[in-house]
Each structure stands twice: as C-alpha cells, then as structure tokens.
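S.K.: Return atomic coordinates for the entry below.
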Amino acid sequence: MARSGSVAWITGLSGAGKSEVAGSLVGRLHERGTRPVLLDGDELRETLGVRSGYDLSSRRALAATYARMCLLLSGQGHVVVCATISLHHDIHDWNREHLPGYLEVFLDVPVGELRRRDPKGIYRDGTDIVGTGGFAAEFPLAPDLRIRNVAPLTAREAGARIFEAGAGKGMW
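M.R.: Got it, this is the predicted structure:
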C-alpha cells in the first residue's frame, strides 16, 4: 500500500502571483531534499490541450480534474504543489475531504494591484474582478493560510510562509 503524500493548493485570481509563489515553495522543498510535483494551472491547460472553456461549468470541470490529479499523485506518496485559480467552494470542500495532507492557501491581492499587474490583459477593459472570465469567484471560506501577496512581501517570503505552515502540519 502506497503511503499518502500531501497537497499544497495555492489559489487566487489571475495576477495574484500563484505561479511565482508556487515556484518559490518548490525551490524551498528541493533545498530540504523533497522532490515535489508542481501542477501549474496555465501549464496544465496547455498540457491537457484545453484551449477554451472559460465559462463556469468548464472552469469547474477543469478544477475537478486538477483535484483528481492531485489525489492520484499524492496517493502515490508525492508532495504536490498545485497553483490554480479554481475558486469554487465545492472543489475546496472536495479537496478537504479527499486529499491527504491538504493545505489550502489563498493569495489575497487587492483589486487595484491585480489591475496594475494584469499579466494577461484580462482586467484592462474594466471587467469586474470577481466576475472575470464569465464566472463568479468563490473565495475560500476558511483557507489554512491567507497571504496578502503585495510588496514588500516577496514570492520567496510567501513560499517560506507556506513551507512553514506545511511543516507545521507534518506535510514534508
């Protein structure tokens, strides 16, 4: 029987810094001798060949796919770091019930900062942040860790906070 791994689920809106913070956490885990699996939402869309599907049901289905991938990998003993928007309460609930060693991290970034960053140009037309991409974001109700990801905090410092929270839960 395979030992259970763990899952750090890093979520937030587009531009919140999920990929950069996840990369920092992965780097810290490597420094400590752990070889985590990084699942990044943008890379997963490309790998899975998902070229469209930004409506609510498509986003929810994709988030459920990411969650099942986390279950598969963590069930084989891997430490999984998943960076994804996936702002759906039913997905967060499923994760808490099914994923071993689950740590939910919400990168909370003010609207003005998201508009300033806007790496994909999705906020330039004045779109309501909460309704981006045709869905109403359901922010985590009780994340294990809420990080206000704005300067002077760096991605390295945010990654360190997640590392410490995971270490405190015995995840790595």
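
S.K.: Would you mind identifying the helix or strand in this structure with the lowest mean pLDDT?
M.R.: When each helix and strand of the chain is scored by mean pLDDT, DSSP states H and E, helix 111-117 comes last, with a mean of 85.

S.K.: next one: that one to chain centre, how far?
M.R.: Helix 111-117 sits 19 Å away from the centroid of its parent chain (CA atoms, centre = their mean, to the nearest Å).

S.K.: in that helix, what's buried?
M.R.: 113, 114 (16 or more other CB atoms under 10 Å). Glycine gets a C-beta too; all of them are placed from N, C-alpha and C.

S.K.: Now do that helix: which elements does it pack against?
M.R.: For helix 111-117, there is no helix or strand it packs on, judged by 3 or more CB pairs under 8 Å, 6 or more residues apart in numbering; DSSP states H and E.

S.K.: remind me which residues of the protein are low pLDDT?
M.R.: 1-3, 51-54, 124-135 (pLDDT under 70).

S.K.: could you redo the last one with a cut-off of 50?
M.R.: 1-2, 131-132 (pLDDT under 50).

S.K.: which residues touch the lengthiest helix in it?
M.R.: Longest helix in the chain by number of residues (criterion: DSSP state H): helix 56-75. Residues outside helix 56-75 that contact it (CB atoms under 8 Å, 6 or more residues apart in numbering) are 2, 4-7, 9, 37, 39, 41, 44-45, 48, 50, 52-53, 80, 82, 84-86, 88, 90-91, 94-95, 98-101, 133-136.
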